[in-house]
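quick one: sequence plus predicted model below, questions after.
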Amino acid sequence: MPAVRSTIERLDKPSSYATAKVGSAECSRRPRGRNDDGEPSPEPEDKLKDATTLYVGNLSFYTTEEQIHELFSKCGEIKRLVMGLDRFQKTPCGFCFVEYYTHQDALDCMKYIGGTKLDERVIRTDLDEGFAEGRQYGRGKSGGQVRDEYRNEYDPGRGGFGRALDDYGDERDYR
Amino acid sequence: MEELNVKQEGEDRRDRRGGGGGNRNNNNRKRRNDDEEDGHYDRRGPPQQRRRYNDGPPRRHYPEAPLPKLRRMFLNIASQVVLPQAETIQMAKDLGDNFDDAELRSHIFDILIQLIIEQPFKIPFLAAVIFYGNDVKSEIVTETLKRVSARTQDALNAGQWTEFKLMLRFLACLQGVYEDTGIFVFLGQLFDTVVDLQSANENDVVGIEIVKIILLTIPYALVAGGERFHEQAAELLKNTGIVASNVLPMEGLIHSYVRDSAETPISYLSIIALLQTQLSNEAESGWTFACIPHFNANAMRMTNDEESLPSAPQMHAFPTLTIPSPVNPGPKPLFPEAYFSLFADQDIETVPKTTDVAASLIRDAVVDTIDQMDFNREVVAKFLVDIDNYWSQGTFAKRGIAFDKFRELGGKVAWKSEDMVIDAIFSQLLKLPSPEHKLVYYHSLITQSCKVAPAAIAPSLGRAIRCLYRSLHIMDLELVNRFLDWFSHHLSNFEFRWRWTEWLEDLHLSNLHPKKAFIIAALDKEIRLSFAKRIRSTVPEDMHPLIPERLDEDNSPDFKYENPETPFAAEGQTLLVQLRKKASADDTQETINSIHEKAVQLGIADPLVPSTDAFVTAICRLGAKSLSHVLSCIERGKERLLQIAETSPAARRQIVASVVEYWKDQPGVAVRIIDILLNYTILAPITVVQWVFGDHMGAGEALTESWVYEMVANTVNKVTKRNRQIALARLQKGLPQEQVEMVDTTLTKDRDASRELFKYIEDAVNGVAEGACDQLIEKESNGELSAQSAELIRAWGKRWHTVFVRKAAVEESVVGEEAVETRIKLLAAEPEPAPDPMQVEINGVAKIEANGDDERY
């Protein structure tokens, strides 16, 4: 029987960003001949079909590992928690990866925790293909997340105004 | 293409709400107005018009193609408070007009079936379309019965009881088109199966589940079929009575409140016994089932002037359904269920009385709506807020009407929809032994409902909280902890706003009192999700002493060896330095030896105890910065810790003691670290439990601390989870013999270990409950504890005992020898090609694929 579609949207689907990222990684690997035997490359969503890791975004810079544990363990035992750190200052820069033991726990987290508050901020969760040592995530020139470089509004939980604006301000001061 | 459209439906729904939300500001009065306006809007405008308005012009200019139009109408059926009779008739006609289109037919039936399973509120309305369809083209009914009965059979074969119940309900709603007695023959067969099951095993729970389904099906069949089936219903009801009044041993363990208390707000009501009574009451008043939407069976004939209509409606045979033998109990362990309500049978009737069948009918549909659509809490919250659309007009009072106004309504019976919804969510949050989904789902659903209709929901929620708080002292202890966990989590989503002043009068109570213990624990839980200074700012000053001042300074707990007065201070400090600098094992051993020498001189019986204290405390101090830090410190000291644990029982309990002592102001961190140590198998579950009840419990005072409960429950949970995984691994079809033996050996060993663990806990807390605990006797007789305090402690002991006796019984019923044997037999009886509802991995990590997982992508 073909997969049955739900009558309403599901909250435990990966975002278009996550699918696109996995998809592009797949494409870039293909020329190296991983699929010599002609096997079709798995669909991006297939790669996330056993995902046990979640990207968690929109955290305050001040949110601690303990707080994250307290909330996220409501969906299952946490195998690993990796805080996203500013590349230069080595301080939390507003995102983390939460790895569970099972795919079901990760899906439940998407459904039950994504879009709720932690430390009084609405957090975002997304399925992720998994944390690999040395992986670089989208951190910008400032060492923090790119989104914080282009943010116009003041966000006390994420280091005030956008960093790019700060830099711009510095430059102006020099003149 | 279709996917896109289906998605659009979802987004449209959300946009409607989201749009409303976006316009709202934080002003409560404004919100209330908006809510009411939304309500009016929903009632006035048919959904088509709204959609056109929202979707913009393109669609308006072209006549909508039949498939998208029908799909839209099916998905949005009953989106107003008035009975959609005209709407369903129109749908029946459209379906009849396009019935030759095979693609359309197939799509529409896919949607129909999926709607039945996912959106149970809509079942009577969907059935009405098909019922009217019979007058348009009787093939509509023929095809429906074919498709729906196939799915019903699948659900029955797989033991998917909720799906089976819902499909059967749909079939019951078509009772008017069947020949002879229609569904009643099948209900009779189901009951015969129950008799067989019960005579084979007096503690059978599958039969109880089936009786529940029979009883919940009857009302829909009678509403659709009318008076001529009253006799059949009465006959069936006479039979079910014996089963429904039967009380299983397990039922004694799932009471929400302490059994012998006179203050119990709601006595224990078994769901099927209650249904049996309610149906008997309904029989006396003529089987009206007023809350179920009643469609006029002749409406189509009256409105339709076409002569093409046949003179008498075509009747159909009720589809053949085969009850498998043996009956598949399904992938999930079944338990008897209790009916729980916070608002029922109060002075002011905001929800149906427990004697009214509407209580069970509406509750059942609400709970299924909640559980079947856990994958989108936003939509579920919207459905719940719109609950009055799906029941007879007049069942509910106007949305958002204040509780005080209700008082004035007096005699008129119309229920408060918000109370019904909150009551239903709490019945699941507080369901024993456990609800369908993770508890956090129900947390997030409450949060979402508050977001969708804040002005309407919040007051009901407040009354629920107060009601639970009032009964804390007699509530089952597991439920107290669920309530606590929800309460703190909920507040963390709403700026930690709560009227604490209401509870200030309880601050003078002893910390041993359940209410005071709750307040202390709630603050701790709030702090864990936030930070101390923030929480302090949200509570009245009188409560400030309950938050340790030290927590305001954002630094690590003191390292006791920094104080030269502390025994072994020098060695403790040296160990910290050595740990930090990753000194060699020999160097570290030298420091530890020095502690041992001094300890021996001091006459300490087990010198490994003070050295373990110093070593573990140093690990805690060095790892105080974050959980990652402590994790890497544990990693560094792992070998030594494992060695300690193997050497001396006192020293291994000291590992727990040192962690708890270091983190005494933040017990949540201690609980996490103990969890990590269990995962590293540095600590065995029994060690944690022995420390709690042997070293820490004292005269039983520790039983009042919620983190102690948390630590014990976590430890037990780890053990039971593993055992269930092993049992699942055993239940794979076609497991090779050598693996069968391997799994069996592991299961036997671990089952015994878990029994030992439970036994230890039960004996310890029972000692407190019975007042036989030595320290309790001593402290009470020397006056250290007042008689009143001792009584409080004994009550805690009793409540702990109930929880762990239940947990042990639940595990026996899932992984006990008898339970596993039964499952193995069923597995052997299963036909080869049948899809196994459980997908299992061999390496001891098994997954239960949840209900309906095939629908994921």
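Perfect, thanks for sending it.

low-confidence stretches in chain A?
Residue ranges of chain A with pLDDT under 70: A:1-4, A:23-45, A:131-139, A:163-175.

now do 80
Scanning chain A with the threshold set as pLDDT under 80 gives A:1-4, A:21-47, A:131-143, A:146-147, A:149-152, A:161-175.

enumerate the residues of the stretch 251-400 of chain B near chain A.
B:373-379 (CB under 8 Å from any CB of the partner chain). In short, each C-beta sits where N, CA and C put it, glycine included.

now, of those residues, which are buried?
B:373-379 (16 or more other CB atoms under 10 Å in any protein chain shown).

so B:N493 sits against A:K117, correct?
Yes - using CB atoms under 8 Å, B:N493 is in contact with A:K117, at 4.6 Å.

between those two, point out the one with more neighbours.
B:N493 (20 against 17; other CB atoms under 10 Å in any protein chain shown).

B:P249 - how many residues pack around it?
10.

distance check, it against B:E812.
Relative to B:E812, B:P249 is positioned 11 Å away (CB to CB, to the nearest Å).

next: B:Q690.
22 Å.

neighbour count winner among the two?
Neighbour count, other CB under 10 Å: between B:Q690 and B:E812, B:Q690 has more, with 19 against 16.

quick one, what contacts the more buried one?
With contact taken as CB atoms under 8 Å, 6 or more residues apart in numbering or on different chains, B:Q690 is in contact with B:649, B:653, B:760.

isn't B:A614 up against B:Q573?
No - look at B:A614 against B:Q573 with CB under 8 Å: they stay out of range, at 9.2 Å.

could you name every residue contacting both of the two?
B:Y561.

which of those two has more neighbours?
Legend: neighbour count by other CB under 10 Å for B:A614 and B:Q573, higher for B:A614 (25 against 19).

give me the neighbour count for the residue of chain A found nearest chain B.
Residue nearest to chain B within chain A (CB to the nearest CB): A:E9, separated by 3.5 Å. Using other CB under 10 Å, A:E9 is surrounded by 18 other residues.

wasn't it part of a helix?
No - under the criterion used here (DSSP: H, G, I helix; E, B strand; the rest coil), A:E9 is coil, not part of a helix.

what packs against the strand or helix carrying B:Y442?
Taking DSSP states H and E as the criterion, B:Y442 maps to helix B:439-452. Contacts defined by 3 or more CB pairs under 8 Å, 6 or more residues apart in numbering or on different chains; DSSP states H and E place helix B:439-452 against helix A:103-112, helix B:377-385, helix B:417-429, helix B:454-470, helix B:477-493.

closest one of the buried ones among the residues of the stretch 251-400 of chain B next to chain A to B:A78?
In terms of CB to CB, no member of these lies closer to B:A78 than B:V379, at 14.7 Å.

correct me if wrong: the closest one contacts B:M373.
Yes - here B:V379 lies in contact with B:M373, judged by CB under 8 Å, at a distance of 6.3 Å.

where are the low-confidence patches of chain B?
By pLDDT under 80, the low-scoring segments of chain B are B:1-62, B:260, B:301-311, B:406-413, B:554, B:830-857.

so the nearest residue to B:L477 once chain neighbours are set aside versus chain A, what's the distance?
Using CB to CB, 6 or more residues apart in numbering or on different chains and skipping the chain neighbours, the partner closest in space to B:L477 is B:R799 (4.1 Å). Separation of B:R799 from chain A (CB to the nearest CB, to the nearest Å): 23 Å.

ok, B:R799 - contacts?
Listed by CB under 8 Å, 6+ apart, the contact partners of B:R799 are B:258, B:476-477, B:480.

Serialize those residues to a markdown table and add fields for neighbour count and distance to B:E830.
Below are those laid out as a markdown table (neighbours: other CB atoms under 10 Å in any protein chain shown; distance: CB to CB, whole Å):
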| residue | neighbour count | distance to B:E830 |
| --- | --- | --- |
| B:V258 | 18 | 42 |
| B:D476 | 21 | 37 |
| B:L477 | 22 | 39 |
| B:V480 | 24 | 41 |
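
identify, from those residues, the entry nearest to chain A.
Among the contacts of B:R799, and counting by CB to the nearest CB, the member closest to chain A is B:V480, at 17.2 Å.

quick check: the residue lying closest to that closest one once chain neighbours are set aside vs B:E418, distance?
Nearest residue to B:V480, sequence neighbours excluded (CB to CB, 6+ apart): B:L472, at 6.1 Å. Here B:L472 is placed at a distance of 23 Å from B:E418 (CB to CB).

out of those two, which sits in the busier spot?
Using other CB under 10 Å as the criterion, B:L472 and B:E418 rank with B:E418 on top: 28 against 19.

hmm, B:A455 and the more buried one touching each other?
No - in this structure B:E418 lies outside contact range of B:A455 using CB under 8 Å: 9.8 Å.

where's the residue lying closest to B:P265 once chain neighbours are set aside relative to chain A, distance?
Closest residue in space to B:P265, ignoring its immediate chain neighbours: B:S471 at 5.4 Å, by CB to CB, 6+ apart. Noted for B:S471: a distance of 24 Å to chain A, by CB to the nearest CB.

list the contacts for B:S471?
B:257, B:263-265 are the contacts of B:S471 under CB under 8 Å, 6+ apart.

including secondary structure, neighbour count and distance to B:A283, could these go into TSV?
Listed next are these as TSV, based on DSSP: H, G, I helix; E, B strand; the rest coil; neighbours: other CB atoms under 10 Å in any protein chain shown; distance: CB to CB, whole Å:
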residue	secondary structure	neighbour count	distance to B:A283
B:Y257	strand	19	31
B:E263	coil	10	34
B:T264	coil	16	29
B:P265	coil	20	29
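
just these now: which is nearest chain A?
B:Y257 (25.2 Å).

give the bridge partners for that closest one, please.
B:M475 (DSSP bridges).

who's in contact with it?
Going by CB under 8 Å, 6+ apart, the list of residues near B:Y257 reads B:264-266, B:471, B:474-476.

same thing with B:V810?
Contacts here follow CB under 8 Å, 6+ apart; on that basis B:V810 touches B:333, B:335, B:433.

can you do 10 Å?
B:250, B:253-254, B:333, B:335, B:432-434, B:720 (CB atoms under 10 Å, 6 or more residues apart in numbering or on different chains).

and what of B:I619?
By CB under 10 Å, 6+ apart, B:I619 lies in contact with B:575-576, B:579, B:629-630, B:632-637, B:640-641, B:655, B:658-659, B:662, B:673.
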